[in-house]
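Asker: let's see this in three dimensions:
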Amino acid sequence: MKLKTITIALLLFATAFAHAQTILKGTVEEAGKGTRLSNVFIKDVNNRLLTLTDDKGNFQIAAATGHTLVFNSPGYANDTLYVIDMQPKTIKLEQLTIALREVSINGKRSTFNPQAEYPEVYEKSKVYVLSPSSWFGKDGKDARRLKRYFAIEAQQEKIDEVFNTAYVGSLVPLKGQDLENFMTLYRPTYAFIKSNSGPSLAVYINDSYKKYLALPPSQRSLQQLSN
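Answerer: Model prediction:
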């Protein structure tokens, strides 16, 4: 009888948990403009689930009241949502005044290893010939989108490793906001970093500095770039 009672209690607990964790839907847009933002990274801190906004800025994620969601997108300030109800949400991200990649998806770019931290994403992203659901199922599609996102983040991290303020500042006589503006304007691509050595990068930076000096002052500011 005691075993039966425990079993029933566990089933009730599992049922309650399943009902408590439902799908939270919403949109993410740029504050002040209303432009919907795609590929915004969203993480539920409590259950560690992840998702991205679609090309229309919409998202949905399994969550529950009391959970905390973190929203992150390059060029925008992080936003945090404490879930108090499951009504659809509109998240407004503030554009950063400086466009250097200061914000990473977990705050510790150098130690972030998505394959180690989220192996389930890589497992769900696999496609099996005899499993149509792995090709067309929502979980598989979402996992493949996250995998691509992580790959892009890894490429940007490689750029950050060599194209940083310490190195660039040692080659050009710029400081503070002027240095940030220059680095944003002339940030190299991952393909360039992958194919060029340190001396080639130094030449690229020096050539870019000459182009920067040739620009009218009004075109050297990040405010001009964001308009």
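Asker: mind pulling up the pLDDT for the spatially closest residue to Arg48 that is not a sequence neighbour?
Answerer: For Arg48, ignoring the flanking residues on the chain, the nearest one in space by Cβ to Cβ, 6 or more residues apart in numbering is Tyr118 at 7.6 Å. C-beta here means a position set from N, CA and C on the backbone, and glycine is covered the same way. You'll see Tyr118 listed with a pLDDT of 78.
Asker: was I right to think Tyr118 contacts Leu49?
Answerer: No - using Cβ atoms under 8 Å, Tyr118 is not in contact with Leu49; the gap is 9.6 Å.
Asker: who's in contact with Asn58?
Answerer: 25-27, 36 (Cβ atoms under 8 Å, 6 or more residues apart in numbering).
Asker: any chance of those in JSON lines, with pLDDT, neighbour count and distance to Phe163 too?
Answerer: Shown next, in JSON lines, are the contacts of Asn58 (pLDDT from 0 to 100; neighbours: other Cβ atoms under 10 Å; distance: Cβ to Cβ, whole Å):
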{"residue": "Lys25", "pLDDT": "94", "neighbour count": "14", "distance to Phe163": "38"}
{"residue": "Gly26", "pLDDT": "94", "neighbour count": "19", "distance to Phe163": "35"}
{"residue": "Thr27", "pLDDT": "95", "neighbour count": "18", "distance to Phe163": "33"}
{"residue": "Arg36", "pLDDT": "95", "neighbour count": "17", "distance to Phe163": "30"}
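Asker: which of those sits closest to Lys138?
Answerer: Lys25 (13.6 Å; Cβ to Cβ).
Asker: okay, and that closest one sits in which element?
Answerer: Taking DSSP states H and E as the criterion, Lys25 maps to strand 22-30.
Asker: which secondary structure elements does that strand contact?
Answerer: strand 58-63, strand 89-93 (3 or more Cβ pairs under 8 Å, 6 or more residues apart in numbering; DSSP states H and E).
Asker: how about the contacts made by the nearest residue to Thr165 once chain neighbours are set aside?
Answerer: Excluding its sequence neighbours, the residue lying closest to Thr165 (Cβ to Cβ, 6+ apart) is Leu179, at 6.2 Å. By Cβ under 8 Å, 6+ apart, the contact set of Leu179 is 165, 168-169, 172.
Asker: kindly supply the PyMOL command isolating those of the residues you listed that are buried.
Answerer: The PyMOL command for the buried members of those (criterion: 16 or more other Cβ atoms under 10 Å) is given here:
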select buried, resi 168+172
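Asker: next, format the contacts of Leu179 as JSON lines and append pLDDT.
Answerer: Formatted as JSON lines, the contacts of Leu179 follow (pLDDT from 0 to 100):
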{"residue": "Thr165", "pLDDT": "91"}
{"residue": "Val168", "pLDDT": "94"}
{"residue": "Gly169", "pLDDT": "93"}
{"residue": "Val172", "pLDDT": "94"}
